[in-house]
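predicted structure and sequence below. I'll ask about it afterward.
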Amino acid sequence: MTKPSGGGKRDITPAELAGAMRGDRQAHARLYECFAPGIYTLARRMLAEPALADDVLQETFVDVIRGIGGFRGDASLDTWIRRIAINHCLMHLRSPWHVRGEALPEDLVATHGGSDVQGSAQRQLDLAGALACLPAVSRAVVWLHDVEGYTHREIAGLLGRTPSFSKSQLARAHDRLRGLISDTDGDEACEPILKRS
């Protein structure tokens, strides 16, 4: 599978979905085109490593293509695919081979200055770098809660923990992110960036 390009559309027609369910390869390619960019971004944010994100992307779409015939429509197709991807991310995080505390990627160390647009870009780079510095489980909780919109109860179920574990991980992660992000104006500046990433 090729790495997804920037802006895939998330609109697959009912005919394309029916084709994918019947095993039509063109419909499978359309599924990938529509959903791969979002899945890659989700995996990249949860795992911080591009190579692991590539693995999750591939594993996710192998499962999607194998399982699309059983898709019942209880949830949206996007939700179903994202759930598969999140499960793969969590399997990587639980893996004994997963190394915690990854180094800050070199491409995030660049400095920008000047305009408001550049300042906003720098804050987003700072946030991405700070997220990469969090322990893997904390990063996953932040991403699942703040970006994906999962509740603490849902996160607890995914991680095999309690809702209070999820809440405490999120609170500690937010505190650590505030300390790691140098160019923000305090708590209010950190939270909206987190929601947008």
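Sure thing, it's come through. Residues are numbered from 1 along each chain as shown.

per the record, what domains does this structure have?
Domains of the chain are assigned by automatic domain parsing as 14-94, 106-196.

now do the same for the longest one: mean pLDDT, whole number.
Averaging pLDDT along domain 106-196 yields 70.

show me which positions of stretch 18-28 end up buried.
By neighbour count on 16 or more other Cβ atoms under 10 Å, the buried set for stretch 18-28 is 19-20, 27-28. Where C-beta positions appear, they are placed from N, C-alpha and C, glycine not excepted.

kindly apply the preceding question to stretch 76-91 instead.
Those would be 77, 80-82, 84-86, 88-90, for stretch 76-91 by 16+ other Cβ under 10 Å.

got those residues as a markdown table, with distance to residue 161 columns?
Output for the buried residues of stretch 76-91, formatted as a markdown table (distance: Cβ to Cβ, whole Å):
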| residue | distance to residue 161 |
| --- | --- |
| 77 | 28 |
| 80 | 24 |
| 81 | 24 |
| 82 | 20 |
| 84 | 21 |
| 85 | 20 |
| 86 | 15 |
| 88 | 19 |
| 89 | 16 |
| 90 | 11 |
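
quick one, which of the residues you listed has the minimum pLDDT?
residue 90 (87).

and the next element down the chain from the helix ranked longest in the chain?
If you go by DSSP state H, the chain has its longest helix at helix 25-47. Remark: after helix 25-47, the chain's next helix or strand is helix 50-67, criterion DSSP states H and E.

what residues does the residue nearest the centre of the chain make contact with?
Centroid-nearest residue in the chain: residue 42, 1.8 Å away (criterion: Cα atoms, centre = their mean). By Cβ atoms under 8 Å, 6 or more residues apart in numbering, residue 42 lies in contact with 82, 85-86, 89, 143, 147-148.

distance of it from residue 71?
Applying Cβ to Cβ, to the nearest Å, the value for residue 42 to residue 71 is 19 Å.

then residue 40?
Counting by Cβ to Cβ, the separation of residue 40 from residue 71 is 21 Å.

compare neighbour counts for the two and give me the winner.
The residue with more neighbours, out of residue 40 and residue 71, is residue 40; 21 against 15, by other Cβ atoms under 10 Å.

so that one sits against residue 53, correct?
Yes. Using Cβ atoms under 8 Å, residue 40 is in contact with residue 53, at 5.7 Å.

shared neighbours, the two?
By Cβ under 8 Å, 6+ apart, residue 40 and residue 53 have no common neighbours.

what residues does stretch 57-72 touch?
Stretch 57-72 is contacted by residues 1, 3-4, 17, 20-23, 28, 31-32, 35-36, 39-40, 43, 77, 80-81, 84-85, 88 when judged by Cβ under 8 Å, 6+ apart.

change it to 7 Å
Outside stretch 57-72, the residues within contact range by Cβ atoms under 7 Å, 6 or more residues apart in numbering are 1, 20-21, 28, 31-32, 36, 39-40, 43, 77, 80-81, 84-85, 88.

need phi/psi at residue 150.
Dihedral pair for residue 150: phi -70, psi 150, per degrees, to the nearest 10.
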